[in-house]
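Chemist: when you get a sec, could you give me coordinates for this:
(chains A and B)
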2 protein chains.
Amino acid sequence: MAAKYAIGIDIGGTTTKFGVVDSKGTILEQDRIPSNEHEFVEDFIESLFVKLTPMMKKVGGISNFIGIGIGAPNGNIYSGTIEYAPNLRWKGIIPIAKLVEEKFGLPTKLTNDANAAAVGEMMYGCTKSMKHFITITLGTGVGSGIVIDGKIVVGHDGFAGELGHTIIRPGGRIHKSTGMKGSLESYASATGVRETAIELLTAYPERESLLRNYRINELTSKTVYQCALQGDTIANEIFEFTGQILGESLANFVMFSSPEAIVLFGGLTKAGNLLLNPTRKHMEENLLPIFRNKVKIIFSELKESDAAILGASALIW
Amino acid sequence: MAAKYAIGIDIGGTTTKFGVVDSKGTILEQDRIPSNEHEFVEDFIESLFVKLTPMMKKVGGISNFIGIGIGAPNGNIYSGTIEYAPNLRWKGIIPIAKLVEEKFGLPTKLTNDANAAAVGEMMYGCTKSMKHFITITLGTGVGSGIVIDGKIVVGHDGFAGELGHTIIRPGGRIHKSTGMKGSLESYASATGVRETAIELLTAYPERESLLRNYRINELTSKTVYQCALQGDTIANEIFEFTGQILGESLANFVMFSSPEAIVLFGGLTKAGNLLLNPTRKHMEENLLPIFRNKVKIIFSELKESDAAILGASALIW
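Modeler: Down below sits the predicted model:
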């Protein structure tokens, strides 16, 4: 009997990563293409097909594959469609699972990208033994996957778990792509950290900061991190503030579903304790006593892209 | 074969309501006692026993009963204990299910009071056909029950669903019994409406209002409602503000679990559209487009006390 493999595809706002995965969760082959180079989704799928065909041949070709799992922004597990994803080029409702299935000739399932990462974490990561946890991806944006009783929460319409868009500062900072004010994503993302940096540097022109050595388009969460490590007080305040907002939000999430752990992914987690310490402090301060000192905050041990590829492929097993 | 009945007990901050329920959800007998008259929980249970014994006799006595279900603040379904309930007189961890079971000689189950109401709503109320909904009780405090995939969310420790304590105005109004700032309960409860009234009347001493005819201890959500109906602008602003806070919070909850409906219970719902219209408006404004115009906001058709008695008794069926 031939070994069986699945394909996992993670469609991100910038990059689409994909891989060949075996049933133990080993990614045997992986590659990537840009997400937004193709005006038509059919051409994007053609590019995937061109890249994946030789990868599939290496493990014996299509007959060794049982299917394809896809994680995508606003991906709907019920309908297999991407619906009105603000950060993708294809507008409206895109029946991507059906199109991929037709192109590859393999059963194809779709879910939200952040949910795919949570499934990957549950099957192969640090929450293998947990039935209640939340994953938060702190990248360009803020994604989330919620697991209750060992199942991803998708809600009545397949769109549950948009925690990055919950409001934590009513009337606060405007989120550029949604127009909403004061959402978690507008603060606790790489984009948000950059905005906080610009706000603080502008608000306190008299305060010295290493950050002033950078041109404004060089200000990123990474440069803020590097300056913070060198003891820069504004850079440290930026992470303190980001952690405060994140911690307050996590407290609200904990009082909703009372998870054992919150797993953090994504670029911002590279800041380590600079982010984790204020996050934990403000989460605990905003919890009712019955929830305090119970919830672990963990940095994922999986690479975010691996978790999403693994989680997407796990839709098929 | 004799008919079978259950006892449902709803322990509230002020009053404990209880009843004899049949398997169709009819409350055949009901009564109430104060919750906080007894220093020792054993004496409270003795009072329940004295009241319930004749009610049980009317339907044939204990042999016709299959068990007792209890809803209580901070009631834990896993352990059968009430843990550190701020609004009850008995402090610490109270093994109430065990004590009641021993006193009555009937199997006894416990859950959170708001969860009990949600179960009652699901079994006998307006959400009978729904698998995803949230109930919010707007009474002296704000309680909540969350249903996902037809099951109450209790989380890893049994305490999930404390939505009244989520923070919606960070740094905002202090909540007297928890000390937390800006929680939903500090605004969208009967207590919160009264506080908003006092704040507005104090902030605008020059503005005329019918509310000024009341002594400060007569100011309640009911008097605010009566003045609002007579066209009082401050009273109307109070409901507008309360609905804004509630609507913003509901938007956050919707983006968490994407329910079909939110069911509102409790005294504040008597304000009807005065509360519902601003709540709906601000909920919709704070939702991502994919969630808009999908979520029903419903006033429960069950009386809150009935829902809790029914839901508590349903733990037993």
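
Chemist: what helix or strand is A:Val263 on?
Modeler: A:Val263 belongs to strand A:261-265 when assigned by DSSP states H and E.

Chemist: ok, A:Ile234 touching A:Thr202?
Modeler: No - between A:Ile234 and A:Thr202 there is no contact under CB atoms under 8 Å: 11.1 Å. Where you see a C-beta, it was placed from the backbone N, CA and C, and this is true even at glycine.

Chemist: could you pull out the strands in the stretch 51-200 of chain A for me?
Modeler: A:65-72, A:82-83, A:93-94, A:108-112, A:133-138, A:142-148, A:151-152 (DSSP state E, counting those that start in this stretch).

Chemist: ranges for the helices of the stretch 101-250 of chain A?
Modeler: For the stretch 101-250 of chain A, the helices defined by DSSP state H, counting those that start in this stretch occupy A:113-124, A:190-203, A:221-229, A:233-257.

Chemist: and the closest residue to A:Ser300 other than its chain neighbours, what pLDDT?
Modeler: Spatial nearest neighbour of A:Ser300, chain neighbours left out: A:Phe265 (4.7 Å); criterion: CB to CB, 6 or more residues apart in numbering or on different chains. At A:Phe265, the pLDDT value in this model is 89.

Chemist: quick one: neighbours of A:Phe265, just the number.
Modeler: 28 (other CB atoms under 10 Å in any protein chain shown).

Chemist: in terms of contact, does it touch A:Gly141 like I think?
Modeler: No - between A:Phe265 and A:Gly141 there is no contact under CB under 8 Å: 11.9 Å.

Chemist: how far away is A:Leu163 from B:Ala235?
Modeler: From A:Leu163 across to B:Ala235, the span is 36 Å (CB to CB, to the nearest Å).

Chemist: give me the more crowded residue out of these two.
Modeler: When A:Leu163 and B:Ala235 are compared for neighbours, A:Leu163 comes out ahead with 27 against 24, by other CB under 10 Å.

Chemist: dump the residue contacts of the closest residue to the more buried one other than its chain neighbours.
Modeler: Distances taken as CB to CB, 6+ apart place A:Ser144 nearest to A:Leu163, at 3.7 Å, with adjacent residues excluded. Contacts for A:Ser144 (CB atoms under 8 Å, 6 or more residues apart in numbering or on different chains) come out as A:114, A:118, A:134-137, A:161-164.

Chemist: ok, now A:Lys151?
Modeler: By CB under 8 Å, 6+ apart, the residues touching A:Lys151 are B:Asp149.

Chemist: for the stretch 51-200 of chain A, what lies in contact range of chain B?
Modeler: Within the stretch 51-200 of chain A, the positions near chain B by CB under 8 Å from any CB of the partner chain are A:74, A:83-84, A:130-132, A:146, A:148-149, A:151, A:153-163, A:165-170, A:178, A:180.

Chemist: mind checking which of these are buried?
Modeler: For those, a burial check counting by 16 or more other CB atoms under 10 Å in any protein chain shown picks out A:74, A:83-84, A:130, A:132, A:146, A:148, A:153-163, A:165-170, A:178, A:180.

Chemist: before we move on, back to that, for the strand holding A:Val263, which strands pair with it and how are they oriented?
Modeler: strand A:133-138 (parallel), strand A:296-299 (parallel) (DSSP bridges).

Chemist: please save the CA atoms from whatever helix or strand A:Lys281 lives in in CSV.
Modeler: Per DSSP H and E: A:Lys281 is located in helix A:273-285. Listed in CSV are the C-alpha atoms of helix A:273-285, where the atom choice follows Å, rounded to 0.1, in the frame of the first residue of the first chain:
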residue,chain,number,x,y,z
ASN,A,273,9.7,39.1,27.3
LEU,A,274,9.6,42.7,26.2
LEU,A,275,6.1,41.9,25.0
LEU,A,276,5.2,39.0,27.2
ASN,A,277,5.8,40.6,30.5
PRO,A,278,3.5,43.6,30.1
THR,A,279,1.0,41.4,28.3
ARG,A,280,0.8,39.0,31.2
LYS,A,281,0.7,41.8,33.8
HIS,A,282,-2.2,43.6,32.2
MET,A,283,-4.1,40.4,31.4
GLU,A,284,-3.9,39.3,35.1
GLU,A,285,-4.9,42.8,36.3
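
Chemist: can you list the buried residues in that helix?
Modeler: Buried, per 16+ other CB under 10 Å, within helix A:273-285: A:274-276, A:278-280, A:282-284.

Chemist: same deal with stretch A:230-248?
Modeler: Residues A:232, A:234-248 are the ones in stretch A:230-248 that count as buried (16+ other CB under 10 Å).

Chemist: make sure A:Ala117 is actually in contact with A:Ala307.
Modeler: Yes - using CB under 8 Å, A:Ala117 and A:Ala307 qualify as a contacting pair, with a distance of 4.4 Å.

Chemist: those two: which is more packed in?
Modeler: A:Ala117 (34 against 31).

Chemist: give the contact list for the more buried one.
Modeler: A:71, A:135, A:137, A:143, A:145, A:265, A:304, A:307-308, A:311.

Chemist: repeat for A:Leu184
Modeler: A:142, A:163-168, A:245-246, A:249.

Chemist: from B:Glu185, how far out is it?
Modeler: According to CB to CB, A:Leu184 stands 21 Å off from B:Glu185.

Chemist: can you check A:Leu250 too?
Modeler: In this view, A:Leu250 and B:Glu185 are 19 Å apart by CB to CB.

Chemist: what's the pLDDT at the residue in the stretch 1-150 of chain A that chain B sits nearest to?
Modeler: Distances between the stretch 1-150 of chain A and chain B by CB to the nearest CB are smallest at A:His132, namely 4.0 Å. The model reports A:His132 with a pLDDT of 98.

Chemist: ok, and the closest non-adjacent residue to it?
Modeler: Closest to A:His132 by CB to CB, 6+ apart is B:His156, at 4.0 Å.

Chemist: any stretches of chain A with poor pLDDT?
Modeler: A:1-3, A:304-305 (pLDDT under 70).

Chemist: and it, what are its domains?
Modeler: A:5-121+A:305-314, A:130-300 (automatic domain parsing).

Chemist: got the contact list for the closest residue to A:Asn286 other than its chain neighbours?
Modeler: Leaving aside its sequence neighbours, A:Asn286 sits nearest to A:Ala251 (CB to CB, 6+ apart; 3.5 Å). Contact analysis of A:Ala251 by CB under 8 Å, 6+ apart lists A:282-287, A:291, B:166-167.

Chemist: what's the answer for A:Glu240, then?
Modeler: A:Pro278.

Chemist: might one say that A:Lys181 is in contact with A:His165?
Modeler: No - the criterion here is CB under 8 Å, and A:Lys181 misses it with A:His165 at 11.3 Å.
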